[in-house]
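Student: Okay, predicted coordinates and the sequence, questions at the end:
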Amino acid sequence: MLVNLLTNTKAATNEEYKKVIKQKIKVFIFIMILGIVTFAFAIINELTNIISKDDFMSGVYNGIGSGLIGVSIALIIKNKKLLKDESALKKSRLYSQDERNIFIQQKAMRCASIMVLVFSYVGMLVAGLYSKAVFYCFWGVTMLFLFSYIIFIFYFNKKL
């Protein structure tokens, strides 16, 4: 669903939608590269101990990296199969452009954004009592969210 936000899903025909699917494949390739970099970082750190020997964080990086790689490969295969099947392509195009589905995705993203903002703010307040480093991380996430929200309001007011 997040990939739909990163790609243009407007397509009146199957031929136009094939271009959308090809864009999505490029996004999945980028995500796969991020997974490879994350996984490689974890392996290199385990072998050379550049940062520190922390088995938990090494496992987290290995898991995230291999998860991104696996999911990306699966979605690339799924989308390549979709490009070959005209009836499935049409069904997918209609589903992705259904106003109800788009509204659900937008509503879910709005609710998730509010939750991230609220939990970052609460985390910032609690972390301020224990750790300045964690406080500044939460503060940075909160400020990044708020500033990007304001910037996008101005952007979309001019664009739409």
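Tutor: Here it is on my side, so go on. Numbers count the residues shown, from 1 in each chain.

Student: For the helix or strand encompassing Glu46, which residues meet the burial criterion?
Tutor: For Glu46, the host element (DSSP states H and E) is helix 14-48. By neighbour count on 16 or more other Cβ atoms under 10 Å, the buried set for helix 14-48 is 17-18, 20-21, 23-25, 27-28, 31-32, 35, 38-39, 41-42, 45-46. Any C-beta I mention is one placed from the backbone N, CA and C, and that applies to glycine too.

Student: measure the nearest residue to Gly128 once chain neighbours are set aside to Val118 for me?
Tutor: The shortest distance from Gly128 to any non-neighbouring residue, by Cβ to Cβ, 6 or more residues apart in numbering, is to Phe135 (4.4 Å). Phe135 is 16 Å from Val118, where distance means Cβ to Cβ, to the nearest Å.

Student: These two - which one has more neighbours?
Tutor: Phe135 (17 against 11; other Cβ atoms under 10 Å).

Student: any idea of the mean pLDDT for stretch 110-120?
Tutor: If you average the pLDDT over stretch 110-120, you get 94.

Student: Over to stretch 123-138?
Tutor: Averaged across stretch 123-138, the pLDDT comes to 94.

Student: Give me the distance between the two termini of it.
Tutor: Terminal residues of stretch 123-138 lie 6 Å apart, using Cα to Cα, to the nearest Å.

Student: Span of stretch 78-89 from start to end?
Tutor: Start to finish, the residues bounding stretch 78-89 are 11 Å apart (Cα to Cα).

Student: Quick check: which ranges of the chain have low pLDDT?
Tutor: 1-9, 51-53 (pLDDT under 70).

Student: which stretches of it form helices?
Tutor: Remark: helices assigned in the chain by DSSP state H are 2-6, 14-48, 55-84, 86-97, 99-127, 132-159.

Student: Return the residues in contact with Glu86.
Tutor: Asn14 (Cβ atoms under 8 Å, 6 or more residues apart in numbering).

Student: Looking at the record's assignment, how would you partition the chain?
Tutor: 1-97, 99-160 (automatic domain parsing).

Student: Next one: the residue located most distally from the centre of the chain from Val122, what distance?
Tutor: Residue farthest from the centre of the chain, counting by Cα atoms, centre = their mean, is Leu129 at 31.1 Å. Plainly put, Leu129 is 12 Å away from Val122 if you go by Cβ to Cβ.
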